[in-house]
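J.: My questions concern the predicted model and sequence given below.
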Amino acid sequence: MHHGAPLREFMGLTFNLGNIMMITVASAVVFIIAVLATRKLAMKPTGMQNILEWVMDFVKGIINSSMDWKDGGRFHLLALTLIMYIFVSNMLGLPFSITYNGELWWKSPTADPAITLTLSLMLLALTHFFGIKAKGAGGYGREFLKPFWIMSPIKIVEEFANALTLGLRLYGNIYAGEILLSLLVGSLAAGSWAGKFAAIIPTVAWQGFSIFIGGIQAFIFCMLSMVYMAHKVSRDH
Amino acid sequence: MLSNSLVLGASTGFNSGDMIYQLIAFIILLLLLKKFAWGPLMGIMKERENHIANEIESAEQSRTEAKKLLEEQRNLLKEARNDAQGLIESAKKQGDVQREEIIAAARAESERIKQSAKVEIEQQKEQAVAAIREQVASLSVLIASKVIEKELSAEDQEKLINEYIQEAGEER
């Protein structure tokens, strides 16, 4: 249970090599799935192509529910990559966690606040970028004074709160899921035979629930980032 | 142990390297997927969209064409039916006329035959009556001569001759 992180210093930056590995693995898995699914494209889709097209339409639905497609169409690929990356990341930590020399290597990359906050900050930065691009600096600035100028401190705090909650919600859900799994497997099942036997049912149940949570959180992350984007980009707000 | 592990898990902390790595990895993933997966996939979806739109359009077109043809066929059928009806009608009319003609002709013919038969019968009757009259006359003459031969005396003969003469004189 007591495992540290494989921390290494490099060029003045601290790297958690476990995270580095899992980010790479998650990216590779997403890339391989996507490329395998789109290797044989056909007008009549079959198998994997169907699944990916469904995901694509699903993401399109998410964007359409928060903004006009004319504004939101350019975020399609971003949201698609985001939802798949987060979903795969959430799933990676479920089947097992690997520790080596007392250091935790294999886990969900999204079970680390640094990772999720990076994603949410990147998204929020993008919303500001596209907000300025869509309305100009003046229009973008005026948004903070609406509906009353006195609200502007709240508006500014809201931006930081959005970034924090977006990242920490994902992190909290996934991390809690992994903690409970490791408690079930590491403590209960590590004990007597009775403990192993008793651990089976809750472990299976919690893993199934974690799959559900992982899917829901990927969806929520994607949808909320598109909602924030819509706030900045849409003209009618 | 429980709280310990929770704290330990959280204490891995914010590693600046991880954040930069995650950012770069995500951007690379986005670009790679755009090039190798999403681009082609979107292309094929767009193509399918166009294909379906074209198919719908052509289906619409052929539907209207079929409708037009159907209308045309229906009109033709109606025309043909009308023609047939007319033909039957005229044939019936013609048949009626012909029947009337035939009946009239037959009636006239029978009338004629009846007439000629009547005339013939009349003639035959005349002839027969004439023949009988002749016969009767000659027979009566014969009988009369026979009777007269036997019974007419000279006296009576005289009387008869006188009577005739008288009658002839009166008639004049």
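T.: That came in fine, so what should we check first? Numbers count the residues shown, from 1 in each chain, chains lettered A, B, ... in the order given.
J.: So for the lengthiest helix in chain A, mean pLDDT?
T.: Secondary structure of chain A per DSSP state H: the longest helix is helix A:193-233. Mean per-residue pLDDT for helix A:193-233: 86.
J.: any chance you could map the helices in chain B?
T.: Using DSSP H, the helices of chain B run over residues B:2-10, B:16-33, B:39-151, B:154-171.
J.: Buried deepest among these, which one?
T.: Mean neighbour count (mean count of other CB atoms under 10 Å in any protein chain shown) peaks for helix B:16-33 among the helices of chain B, with a mean of 18. Yep, even glycine has a C-beta here, placed from its N, CA and C like the rest.
J.: So which other helices or strands are in contact with that one?
T.: Packing contacts for helix B:16-33, counted by 3 or more CB pairs under 8 Å, 6 or more residues apart in numbering or on different chains; DSSP states H and E, involve strand A:13-16, helix A:17-37, helix A:76-92, helix A:113-142.
J.: Do the shortest one and chain B come into contact?
T.: The reference is to strand A:13-16. Yes. Judged by CB under 8 Å from any CB of the partner chain, strand A:13-16 and chain B are in contact via A:13-16.
J.: rewinding a little: now the helices and strands packed on helix B:16-33 in CSV, with mean pLDDT and mean neighbour count?
T.: Below are the helices and strands packed on helix B:16-33 laid out as CSV (pLDDT from 0 to 100; neighbours: other CB atoms under 10 Å in any protein chain shown):
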stretch, mean pLDDT, mean neighbour count
strand A:13-16, 76, 20
helix A:17-37, 86, 19
helix A:76-92, 89, 24
helix A:113-142, 86, 18
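J.: Redo the ones you listed as CSV? Include distance to residue B:108.
T.: Output for the helices and strands packed on helix B:16-33, formatted as CSV (distance: least, CB to CB, whole Å):
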stretch, distance to residue B:108
strand A:13-16, 130
helix A:17-37, 100
helix A:76-92, 101
helix A:113-142, 108
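J.: Any idea which helix or strand in chain B has the lowest mean pLDDT?
T.: For chain B, counting by mean pLDDT, DSSP states H and E, helix B:2-10 ranks last in confidence among helices and strands (a mean of 42).
J.: you'd agree residue A:218 is up against residue A:81?
T.: No. With contact defined as CB atoms under 8 Å, residue A:218 does not reach residue A:81; the gap is 11.5 Å.
J.: Endpoints of stretch A:26-45, how far apart?
T.: End-to-end distance for stretch A:26-45, by CA to CA, to the nearest Å: 26 Å.
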